[in-house]
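Participant: coords below, sequence missing:
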């Protein structure tokens, strides 16, 4: 029996550092991932799809996002089980309570409580989930789910849950943290045969059973994700569970740190940027460290200006950037200044050397203008 | 640059002109409109305009009404270059350049123009050249000198600095351009306020979107809380209901007990009413018995007082009888003494009257005597006829006779007979003896016969009147005689005597009457007689009345003594009677009082007796109806019954108290209130839940999240742009400021040589004490002459113009050694006086030693003071 395990679609998510054009594509890519998943299901003979929480980025996303999502879901070739997570809990403002969700086709199933749901068209398989009812559930929903169930008899039972597990939670004292031990115990007791988890945006196994996994997000969302853009194809038999990741998204968030101490480093940086694939779907933030002269600084500016339009986002990461731009003899030689202009140059240079950023900027401007004038 | 020669052909109003300039001052003289200014303009045009130019200014060069080309040709030395440059405009345009040195070249057309331009720009600063031109009516200040590169360059050189000024100028232009992208040039006001505002607006929008999303989140939390609240309230209800039921049961039991208690209380009240009635009856009976005893007591007390009262009344009655007897005796005594006193008094009166009687009788006798005497006097008087009136008539008649006789005698013949011896004269037969010597006179009133016996008889007849008078006298005599006859008197004297007699008798009579009246007093004689008879009558009566039993007192005086004594005795008897009467009256009063008391006491006693009797009868009747012992038994029984009921009631009360009804009631009420409150809260919470649910429903997929994200992106983008712009702006400003600071400092260094040059030339015009201060922009700021310093603007127009020319001369002087230009002064110094003109001439001459100066003027006199000059007359 095969199915797809995915989570954290975060539909409607945007990123502040993306331009308006990139944002639109990013949003469309997330919707498109649903279609890709459907294709994967069909290609791999998966009988259904489970989405382990955070289908939507928020309960208050726009009708556009909702409508397009519904359309994409309706187009899926197999049943899909949607679990409300911490981003889209089944609270008073839940997006799953909209009339759009009340009139979906039978194969679009929202897990609204802890009752096992038979998978339409499949004998002996049921899905059971622990939906989030608020952003702070105050308890380990997964444990509650396990406690509410008897061992499955004659059916394959797939559990769907959302949240951090004890081994990954920074703060295990929080009530909603999922107890891995309890999870393993429930699996061992035959209450579930597989636990599809969501919340973590990277593929990650949980516990020791080999039957509980985080699928990761189908489309990258952040710079700190290790292995996004995946979904899991789960091949489940009575005593065997085989999990294989499938590629889904092609968005990349790259945070880099580079040394820049001369034209050579700048050339390498340029090459590196050139080498990145899927540039239009790639957001790069780079921290630069080092010391360069005005000529190189000018070249850097030009380089960035030239590359920026090619990427979804290309930014200098101010927080990790320690780049000193100081004129050297080469710079001096390349500008012909005399009289008071020379005096001004000298004054600014001295101030820049003392770490005056504004003086440094003024110097760069003087450098640029005097050269432009000479050219 | 040095102008050597200038030729014009068909140039505006000038048909042909050829001017050679000297190396120093060249004065071109000519009237207005003679084309002086055309010379300057021709030079400009030559330098600036292509021969093919179709500019308006260029077209205007063609002489009016002549279709000819206008040609200009100039021979110029500039730097190392020496060339002849010529252009023809409008008609058959042409350009020709003949370079004479350093290398000979000949060029035409565009090439020639460009080469000339190159040579000029290498060696001449056209801007400076324009700046140094002083034209009529143009602003005579030095401001446009600042931007002259040539001047700057020259000044820089003079100040001992720098090399490439052209570069500087281009750089500063670029920096200024950059600066002006971000700030206004003059005020330094940022130009990106709009961006800042947009960034601020984006922040507001972001906050707004954030708040809107937070509102939903708050609603969601509130909704969760309310849902939990409803659930909690629902869960709490059964316990509250159970509590109400439990307390209700306890309270019902207590209420049942309270019902019993009330019934018992009512029974007790009825028994107590019965008890009170029985007690009252018994008390009434006892009171009746007591009342009778008291009445008997009272009657006894009344009787005890009644006996003595009666005795007292009898005693007073006795005394009263005795007093009345005494009054009787005293009354007799009074009567006796009163009779004795009366007798004595009347005896005394009688005796007194007898004496009076005698006295009166004597008075009457005397009165009789007086009357007789008076009557006699009156008889005497009566007998005499001569009354007073008659006497008066006689007297009157006598007087009348006398008067008549006198009248007659007066009128009648008087006959006097005087006797010479005794003789008896007979007259009218009446003898009248006359003694010797005696005479008798007769009046002859009537015929008279006088006879003297013896001797003669004489008849004498009277006259008629005498007869009348004699008749009157006779009548008077007759009337007198009549009266006298009436009086019985002979004559008047007789009558008078008689009258006297009558008066005496009358006086006597009057005297008697007087005495009569004195004797009578008030009374008349008849009254006296009546009184007398009354006295006599009274005396007669008293004698008859008193009888002769007791003798009369001896005298009136004795009688009076007796009467006095008897009066006294009578008075004593009266006093005694009065006293006895008073005593009797007092006793009567005492009797009356005591007697009435006795009567009241009698009545009182009778009343008491009757009341007592009736009460006794009533008591007897009641006793017969309900004897005393029956009443007592009934009262005791009623008391016992109520005591029993009270005991039962207390028992009930104790049972009720043991159940603590107040607490039970409070518990029940509280339980009900708690249930009610829970219900209300549940209702409220459900209402709230419904409201929230409704609101949240519309918040589902309402795009607030997207709106927030969009606002965040927009804000981030604007903020980044603002940061970038700000950074660039600050860099531009920093560069601009720094550059300007250094530039100004450099310019400050140029100021010194310019100032020195102006002061050097100015000393010629304004004296050795002349000083100026120069601004950083090289304009004259102040001017000091003879110790007085004035701002440039306060100087006179003439001085301003002179200073302006001096400044140009100074500037031209400074730049002359390095590509200087001819200084063309177009009709200046119009405001200067002759003395100044002289000194200005000297200054210009001094300046001309270092640069070429061309002066265009229509008033040659102004510049006559320039010592050495070439003069061109047009």
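Facilitator: Happy to help now that I have it. What you see is a predicted model, and the numbers here were worked out from it, not measured in a lab.
Participant: point me to the residue of the stretch 101-250 of chain A nearest chain B.
Facilitator: Proximity of the stretch 101-250 of chain A to chain B (CB to the nearest CB) peaks at residue A:134, 5.2 Å away. Any C-beta I mention is one placed from the backbone N, CA and C, and that applies to glycine too.
Participant: so that residue, which of the three states?
Facilitator: The three-state label given to residue A:134 by DSSP: H, G, I helix; E, B strand; the rest coil is coil.
Participant: contacts only, for it.
Facilitator: A:89, A:91, B:220, B:224 (CB atoms under 8 Å, 6 or more residues apart in numbering or on different chains).
Participant: domain parsing for chain A?
Facilitator: A:2-247, A:251-325, A:326-375 (automatic domain parsing).
Participant: need the max-distance pair from the contacts of residue A:134.
Facilitator: A:89 and B:224 (9.6 Å; CB to CB).
Participant: of those two, which one has the most company?
Facilitator: Taking neighbours as other CB atoms under 10 Å in any protein chain shown, residue A:89 and residue B:224 compare with residue A:89 leading, 25 against 18.
Participant: follow-up on the earlier one: give me the phi and psi for the residue of the stretch 101-250 of chain A closest to chain B.
Facilitator: As for residue A:134, its main-chain torsions (degrees, to the nearest 10) stand at phi -150, psi 170.
Participant: rewinding a little: most tightly surrounded among the domains of chain A?
Facilitator: domain A:2-247 (a mean of 20; mean count of other CB atoms under 10 Å in any protein chain shown).
Participant: endpoints of that one, how far apart?
Facilitator: 17 Å (CA to CA, to the nearest Å).
Participant: ok, back up a step: so which of the domains of chain A is nearest residue B:307?
Facilitator: Here domain A:2-247 is closest among the domains of chain A (CB to CB), at 120.3 Å.
Participant: can you pull out the helices in the stretch 101-250 of chain B?
Facilitator: In the stretch 101-250 of chain B, the helices defined using DSSP state H, counting those that start in this stretch lie at B:109-123, B:126-132, B:149-159, B:165-182, B:193-383.
Participant: weakest of those in terms of mean pLDDT?
Facilitator: Across the helices of the stretch 101-250 of chain B, helix B:149-159 has the smallest mean pLDDT, namely a mean of 51.
Participant: what about the nearest residue to residue B:354 once chain neighbours are set aside, how many neighbours?
Facilitator: In space, residue B:354 comes closest to residue B:539 once its chain neighbours are excluded; the distance is 6.3 Å by CB to CB, 6 or more residues apart in numbering or on different chains. As a burial measure, residue B:539 scores 17 neighbours (other CB under 10 Å).
Participant: okay, and the helix or strand of the chain with the least pLDDT?
Facilitator: Just going to use chain A. Lowest mean confidence among the helices and strands of chain A (mean pLDDT, DSSP states H and E): helix A:329-334, at a mean of 71.
Participant: wrong chain, I was asking about chain B
Facilitator: Per mean pLDDT, DSSP H and E, helix B:149-159 ranks last in chain B, at a mean of 51.
Participant: most centrally placed residue in chain B?
Facilitator: For chain B, the residue nearest the mean C-alpha position is residue B:204 (61.3 Å; CA atoms, centre = their mean).
Participant: and stretch B:785-799, average pLDDT?
Facilitator: Stretch B:785-799 shows a mean pLDDT of 82.
Participant: first-to-last residue distance for that stretch?
Facilitator: Using CA to CA, the two ends of stretch B:785-799 sit 11 Å apart.
Participant: would you mark the buried spots in that stretch?
Facilitator: Neighbour-count burial for stretch B:785-799 flags B:785, B:792, B:795, B:799 (criterion: 16 or more other CB atoms under 10 Å in any protein chain shown).
Participant: next: stretch B:239-252.
Facilitator: Quick answer for stretch B:239-252 (16+ other CB under 10 Å): B:240, B:243, B:244, B:247, B:250, B:251.
Participant: likewise stretch B:24-37?
Facilitator: For stretch B:24-37, by 16+ other CB under 10 Å, it's B:24, B:25, B:26, B:27, B:28, B:29, B:30, B:34, B:35, B:36, B:37.
Participant: of these, which is the nearest to residue A:33?
Facilitator: For the buried residues of stretch B:24-37, the nearest to residue A:33 is residue B:37 (84.3 Å; CB to CB).
Participant: chain neighbours aside, what residue packs nearest to the closest one?
Facilitator: Residue B:37 sits nearest to residue B:826 (CB to CB, 6+ apart), 6.3 Å away.
Participant: if we can go back for a sec, and the residue nearest to the centre of chain B, how far from residue B:215?
Facilitator: 16 Å (CB to CB, to the nearest Å).
Participant: again with residue A:284
Facilitator: Residue A:284 is 36 Å from residue B:215, by CB to CB.
Participant: can you tell me the element residue B:99 falls in?
Facilitator: Taking DSSP states H and E as the criterion, the element that holds residue B:99 is strand B:94-101.
Participant: remind me which residues of chain B are low pLDDT?
Facilitator: Applying pLDDT under 70 to chain B flags the ranges B:32-34, B:124-169, B:445, B:749-750, B:776-778, B:814-820, B:827-831.
Participant: any part of stretch A:55-73 near chain B?
Facilitator: Yes: judged by CB under 8 Å from any CB of the partner chain, stretch A:55-73 and chain B are in contact via A:57, A:58, A:59, A:60, A:61, A:62, A:63, A:64, A:65, A:66.
Participant: who's in contact with that stretch?
Facilitator: Contacts of stretch A:55-73 (CB under 8 Å, 6+ apart): A:9-13, A:27, A:31-32, A:34-35, A:80, A:82-85, A:87-89, A:91, A:93-95, A:98, A:100-101, A:104, A:108, B:213, B:216, B:699-707.
Participant: what about it, start to end distance?
Facilitator: 11 Å.
Participant: before we move on, back to that, take the buried residues of stretch B:24-37 and keep only those in strands.
Facilitator: The members of the buried residues of stretch B:24-37 that map onto strands under DSSP state E are B:25, B:26, B:27, B:28, B:29.
Participant: which of the residues you listed are close to chain A?
Facilitator: Answer for these near chain A: none qualify (CB under 8 Å from any CB).
Participant: and of those, the nearest to residue B:774?
Facilitator: Nearest to residue B:774 among these: residue B:25, at 25.5 Å, using CB to CB.
Participant: so that closest one makes contact with residue B:871?
Facilitator: No: counting by CB atoms under 8 Å, residue B:25 stays clear of residue B:871, with 9.1 Å between them.
Participant: narrow the contacts of stretch A:55-73 to those in strands?
Facilitator: Among those, DSSP E puts A:80, A:82, A:108 in strands.
Participant: could you list which of those also contact chain B?
Facilitator: Within the ones in strands among the contacts of stretch A:55-73, nothing lies near chain B by CB under 8 Å from any CB.
Participant: now do residue A:199 against residue A:108, distance only.
Facilitator: From residue A:199 to residue A:108 the distance is 22 Å (CB to CB).
Participant: ditto for residue A:83
Facilitator: Look at residue A:83 and residue A:108: by CB to CB, they are 13 Å apart.
Participant: did I read that right, residue A:126 in a helix?
Facilitator: No: under three-state DSSP, residue A:126 falls outside any helix and is assigned strand.
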